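S.K.: coordinates only, no sequence provided:
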DNA sequence: GTGAAAGCGCTAACAC
DNA sequence: GTGTTAGCGCTTTCAC
């Protein structure tokens, strides 16, 4: 329209009312207004009323930047996901995590800063950590070495991990007892009379995958049983199919498959169905996660419940407690449960 | 451990180096440091070097709050999703949107503020809009009346809608031509010789659902055909099943079903399979969205492609352009494409 | 309980 | 080009 030139930057228009304005209208000092606005106690009811009235008529809203600058608090919490963006939204766990964090953050009124960044982009992560953008950090990381202790030390704010943090990192965390989950799956299979058990494990650079494998192997070992097969997928459906195909091609005799994630279990089921192998008559299948479709009645997968959403919610709550100086459990490890359905 | 009391608030530890410190070390003024840090041009190379050296040795990182306060810019962009949190993460479209926005925001270095809030919580939205938390807003809203024009006026920053904004709202947007998509589906079904077409539409308080319905009906009408059935789901798989069951129970004779979302189409397919009805031999099925599982070879659903991720990415780019005062297309409407697979 | 005043760390005119 | 000088709007001692 001819009114813009290309150096023009968009700016918020004329400033709204400030504390000062409210103070003037209410006939008190700025300090008093500040106290009322923040809900400080020590103020006479008369003045509180006057200030609130002024706030209302003026439509006053505190300026975040000014508040942060003066108080050294940002009012935001960051969820750091050091994963490739492509993975984040295909992995149901991350989606649950985002969802849970959102819910857990609700009571405190912190904004959620979503920081998705590839693990390689350390410079960016570091910059963020040092920038003081958030009052606290939630890290949902699955891989070893994504965020080293050293990097976390750059963060001068509390950090809570969702999922066990990488080795050597002493931050508080919330996690599922994945080892226990593995044991649970093993015990269930054994109780069902299965003895020739195949394992399709997850990527071993992920603590959760390692724990699940150790859990099931330990439990089996205690029953004097060795898995008839073990291979590794990457938690995706495609990898489940692939490993199942490999197992079938190997001529191994088996009567049960434990897949370390539901997505992989789905791949397993698909392959089995394709070959006309009956589940659970010929082969029992146990997954891990309890994603939504596992409960679907045409699938009905027996699986270890991984309450990702709840975990994330607890993590957010823990961080909020930490920030408020409230007492809080140091770290939480949830007991796994088994959802027994039709594949076993 | 006895060192904390319950009034204690967690605070970032001792302040890091400031512009002033850098200026002192580099032997220049604060203004010059500021220029260098922001990448302003007009500075002699000597000083640039000196400043950068000082920044490096001191480990200086700009303070965001101070910068925002002085510049009246926040360095953040908010993605507002006025949906119930439970819906957001089950709807693949929103997940794509978040993913796409993340990608689109990458070039500008804005932080992503994720604002999920139930449409009822208008007070909270208003507070956010007026709080000046972000330099720009991206709104991905599906429902009519979620965010009224009035509310948007509270935002003093540029807004871009992902998906056509509600009636009466004149903000720029990016969207798919849903009407065109509907026509495409109709034409395809007609070309396949189908004449007795059933429609399972989406919720009619959503512009996208309305457009899809109008598109297919219009195209059919132009061919002199009236749908043999029309009912409404809520875009979920369960509702697809339910409506399909209703259709089957109705004794209507039909040779094709158009489901307004892939999730509903999946429900349709499931029901059809359960009844032993062959697809596409007895009944052709067309969906809308092209979610990941539609391409799965055991499903292989013919569907109208809804590039949600790309849409969101374009929206983010548009907002970035707006913020930078760059020239930008006012609004974008993408042409739909049909992914022809095995269900037609 | 309340007010005065001193910054928080930075940007942006404006001079030089 | 570069430095000087005001603030940005709020919180927070510190007196009263």
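M.R.: Received it, and whenever you're ready, just let me know what you need. This one's a predicted model, so the numbers in the text were calculated from it and none came from an experiment. Residues are numbered from 1 along each chain as shown, chains lettered A, B, ... in the order given.

S.K.: spell out which residues of chain A are next to DNA strand C.
M.R.: By the rule C-beta under 7 Å from any atom of the strand, the part of chain A lying against DNA strand C is A:28-32, A:35, A:42-44, A:46-47, A:66, A:69-70. Placement of C-beta: from N, CA and C, glycine included.

S.K.: just the buried residues of those residues.
M.R.: A:28, A:32, A:35, A:43, A:47, A:66, A:69 (16 or more other C-beta atoms under 10 Å in any protein chain shown).

S.K.: which pair of those residues spans the longest distance?
M.R.: Pairwise distances across those peak at 25.7 Å for A:47 and A:69 (criterion: C-beta to C-beta).

S.K.: how about the strands in the stretch 1-150 of chain A?
M.R.: Here the stretch 1-150 of chain A has its strands, by DSSP state E, counting those that start in this stretch, at A:76-81, A:111-116, A:136-139.

S.K.: these: lowest mean pLDDT?
M.R.: Within the strands of the stretch 1-150 of chain A, confidence is poorest for strand A:111-116, with a mean of 86 (mean pLDDT).

S.K.: now do that strand against strand A:76-81, angle only.
M.R.: Inter-element angle recorded for strand A:111-116 and strand A:76-81: 20 degrees (by axes from the mean of the first three to the mean of the last three C-alpha atoms, to 10 degrees).

S.K.: low pLDDT regions in chain A?
M.R.: Along chain A, the parts satisfying pLDDT under 70 run over A:1-15, A:119, A:142, A:145-150.

S.K.: so residue A:207 sits against residue A:144, correct?
M.R.: Yes: using C-beta atoms under 8 Å, residue A:207 is in contact with residue A:144, at 7.0 Å.

S.K.: which residues do these two both contact?
M.R.: A:166, A:167 (C-beta atoms under 8 Å, 6 or more residues apart in numbering or on different chains).

S.K.: and the residue of the stretch 151-300 of chain A found nearest DNA strand D, how many neighbours?
M.R.: Nearest to DNA strand D, among the residues of the stretch 151-300 of chain A, is residue A:157, at 15.4 Å (C-beta to the nearest atom of the strand). A total of 22 residues lie near residue A:157 under the criterion other C-beta atoms under 10 Å in any protein chain shown.

S.K.: which residue is the nearest non-sequential neighbour of it?
M.R.: Leaving aside its sequence neighbours, residue A:157 sits nearest to residue A:136 (C-beta to C-beta, 6 or more residues apart in numbering or on different chains; 5.2 Å).

S.K.: beta partners of that neighbour?
M.R.: residue A:77 (DSSP bridges).

S.K.: okay, now it: neighbour count?
M.R.: If you count neighbours by other C-beta under 10 Å, residue A:136 ends up with 23.

S.K.: was I right about it contacting residue A:324?
M.R.: No: with contact defined as C-beta under 8 Å, residue A:136 does not count as touching residue A:324 (10.3 Å).

S.K.: where exactly do the helices run in chain A?
M.R.: Along chain A, the segments classed as helices by DSSP state H run A:19-26, A:30-38, A:45-58, A:64-71, A:85-88, A:92-105, A:122-130, A:149-154, A:178-191, A:207-222, A:237-249, A:262-274, A:308-324.

S.K.: before I go, just wanted to say thanks for your time.
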